[in-house]
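Visitor: okay, sequence plus prediction incoming.
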Amino acid sequence: MLKRLISFFTGSNSAPTPPASSPASAPGSRSRPRRRRRGPRPDQGELPLGDNISAPAADSASRPRHVSAQRPSATPRPAAEINRVRMAPAAPAPARTAVATTGEKPPHFVLIDTPAGLPPLYAALDRVDEVAMDTEADNMFHYRTRVCLLQFLVDGEVYLVDLMTPLPLEPLWERLAQKHLIMHGSDFDIRLLHDLCRFRPRSLFDTMLAAQLLNRPRVGLGALLEQHFGLLLDKSGQKANWSKRPLTPKLLDYAALDVWHLPALRDLLTRELAALDRLEWLDQQCRRQIESGVTGFPRDEENAWRVGPSDRLRGRGLSVLHAVWHWREKWAEDIDTPPFKVCSNDLLFRMAQAAEEGESLETILATVNLGKRQSRLAPSLAAALREGFSRDPATLPRRPRTERIHLTQAEVERQDRIKAHRDRVAAKLDLDPTLIAPRSTLVTLCREPGRLDEILLPWQADLLRDAPDFTATRTDAALAAPGEQTPAHPR
């Protein structure tokens, strides 16, 4: 989802890099390492950067950057080129992986905004086993987030699919569900697509998760492209209104570049992970990313209004917070804008805190500035404040009771020992310790050490398995069941 390329630095002219190696395996297969951005972030062994990554094919500079699948160019193109973009091959070609390529100019791309533009994309998908993919959404500009654009790099060609136009996409989702995907920071994208059409990836290489497992200090796509390929990308597209039509050439270039470099980045990160024997770690992280993503986004729940340090409020402040939060939600939905663009959580809490401290309704209203919508929104805000002032806090929705975890002294000592072991292992591997087990997981493990393999991914559990508390647990289990043999590394 990166913007237009601003500059390109290289150390030397180098020979082109061959296309990405073999096709990706299915999620359950271990015959082929997966290359994506999974959980933790270990770092080791830097490979030569920049010198071994090829520029785009020689003819790419001479090709038009953008071919609309809907509107023909004002200047007629040669028939051969039109056929290349629009027509499927007579016979399917052998399956191929995505081509690893970089370049200093935005790539040629095909914009698909009518049903007539879909067959060439489907034909390209039928020729390959893996696809580089990204999405653009409008969560910064509308109340409900929508997927506005899909970006694909398929067989060396970039396709941009405009979801703001009515397109019959069932064949697209069916094909994508059979492909190995290369993505960056896929969690949000998978959740979006699952909510849109219940899409579930077959398998995944997430370059962000891979960078975390290599302990990169910065794991954003722009930072990784700058570090490895010397590319500086314009990031302004990250805050663009992707639902506005027509999309500008600058935004289309930005969208195309988001997938253009992913195969080359994937190949480089794969080599580094393989050198550290961490490809299986990434495979596990990516599988978990898929399982997490297909749960979709959390649904609205009745205590979402408890924003900011609402635990400090006890009386009238809680009633006011409840009232003004719902006031903001209603206005955001009515004018189709994100709630934060009506007013901030900080303003909501400040009004509630002022009411808690005994300030009058008039005094609170006098301190509120709603910007250009002040005259339009102020009357209804006053009504919401009056409602909050008059409501008994005891009638508000109650927060679900959650069990407070009180550790015994023995459990605290066990947690400290597990944490010390985790930190030693992480330092030795040059990993962020929280990638092995965050604090909340340590709390659970110190109470139930026998659930090590249930709570952690296999690679994480293996790194902690030799901690004294876990070896003692396995010994106790073996003694308790002398007729059964406890495996050294249960799964």
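Guide: Received it, and whenever you're ready, just let me know what you need. Numbers count the residues shown, from 1 in each chain.

Visitor: where does E359 fall, secondary structure wise?
Guide: Per DSSP states H and E, E359 falls between elements, in no helix or strand.

Visitor: phi, psi for it please.
Guide: Main-chain torsions, E359, degrees, to the nearest 10: phi -70, psi 150.

Visitor: same check, this time on G237
Guide: Torsion angles, degrees, to the nearest 10, at G237: phi -70, psi -20.

Visitor: where does H406 land on pLDDT?
Guide: The model reports H406 with a pLDDT of 84.

Visitor: ditto for the one 10 residues further on
Guide: Looking at D416, its pLDDT stands at 95.

Visitor: so it: helix, strand or coil?
Guide: Here D416 is helix, with the state taken from DSSP: H, G, I helix; E, B strand; the rest coil.

Visitor: again with F205
Guide: strand.

Visitor: tell me where the stretch 51-200 of the chain has strands.
Guide: Ranges of strands in the stretch 51-200 of the chain, per DSSP state E, counting those that start in this stretch, are 66-68, 109-112, 130-137, 147-154, 157-162, 180-183.

Visitor: partners of the fourth one in the sheet?
Guide: When pairing is defined by DSSP bridges, strand 147-154 lines up against strand 130-137 (antiparallel), strand 157-162 (antiparallel).

Visitor: what's the closest of these to R328?
Guide: strand 130-137 (21.4 Å; Cβ to Cβ). Where C-beta positions appear, they are placed from N, C-alpha and C, glycine not excepted.

Visitor: which one of the strands of the stretch 51-200 of the chain has the most crowded surroundings?
Guide: Neighbour counts (mean count of other Cβ atoms under 10 Å) averaged over each of the strands of the stretch 51-200 of the chain peak at strand 180-183, with a mean of 28.

Visitor: against which helices or strands is that one packed?
Guide: When contacts are defined as 3 or more Cβ pairs under 8 Å, 6 or more residues apart in numbering; DSSP states H and E, strand 180-183 packs onto strand 130-137, strand 203-206, helix 262-275.

Visitor: about what we covered before: make JSON lines from the strands of the stretch 51-200 of the chain and add mean pLDDT to it.
Guide: Shown next, in JSON lines, are the strands of the stretch 51-200 of the chain (pLDDT from 0 to 100):
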{"stretch": "strand 66-68", "mean pLDDT": "49"}
{"stretch": "strand 109-112", "mean pLDDT": "97"}
{"stretch": "strand 130-137", "mean pLDDT": "97"}
{"stretch": "strand 147-154", "mean pLDDT": "97"}
{"stretch": "strand 157-162", "mean pLDDT": "97"}
{"stretch": "strand 180-183", "mean pLDDT": "98"}
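
Visitor: so for A256, which of the helices and strands packed on strand 180-183 sits nearest?
Guide: So among those, strand 130-137 is nearest, using Cβ to Cβ, at 9.7 Å.

Visitor: next, the angle from the closest one to helix 262-275.
Guide: 120 degrees (axes from the mean of the first three to the mean of the last three Cα atoms, to 10 degrees).

Visitor: strand 130-137: how far from the chain's middle?
Guide: Distance of strand 130-137 from the chain centroid (Cα atoms, centre = their mean, to the nearest Å) equals 11 Å.

Visitor: sorry, back to before: any chance of a markdown table for the strands of the stretch 51-200 of the chain, columns distance to L224?
Guide: Listed next are those as a markdown table, based on distance: least, Cβ to Cβ, whole Å:
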| stretch | distance to L224 |
| --- | --- |
| strand 66-68 | 26 |
| strand 109-112 | 22 |
| strand 130-137 | 14 |
| strand 147-154 | 16 |
| strand 157-162 | 19 |
| strand 180-183 | 13 |
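
Visitor: just so I know, which of the ones you listed lies nearest E356?
Guide: Taking those one by one with Cβ to Cβ, strand 130-137 is closest: 36.9 Å.

Visitor: any idea how the protein splits into domains?
Guide: When the chain is parsed with automatic domain parsing, its domains come out as 5-293, 310-395, 409-480.

Visitor: among the strands of the stretch 51-200 of the chain, which comes closest to R245?
Guide: That would be, of the strands of the stretch 51-200 of the chain and by Cβ to Cβ, strand 157-162, which comes in at 7.9 Å.

Visitor: tell me how far that closest one lies from the chain's centre.
Guide: 20 Å.

Visitor: can you list contacts of that strand?
Guide: Contact partners of strand 157-162, identified using Cβ atoms under 8 Å, 6 or more residues apart in numbering, comprise 85, 107-113, 118, 120-121, 124, 148-152, 167, 169, 172, 245, 247, 252, 255-256, 259-260.

Visitor: try 6 Å this time
Guide: The contact list for strand 157-162 (Cβ atoms under 6 Å, 6 or more residues apart in numbering) reads P107, F109, V110, L111, I112, D113, L121, L150, Q151, F152, A255, A256.

Visitor: from V154, how far out is the fifth one?
Guide: Taken as Cβ to Cβ, to the nearest Å, the spacing of I112 relative to V154 amounts to 12 Å.

Visitor: again with the third one
Guide: Note on V110: its distance to V154, by Cβ to Cβ, is 10 Å.

Visitor: equivalent analysis for K244, please.
Guide: 26 Å.
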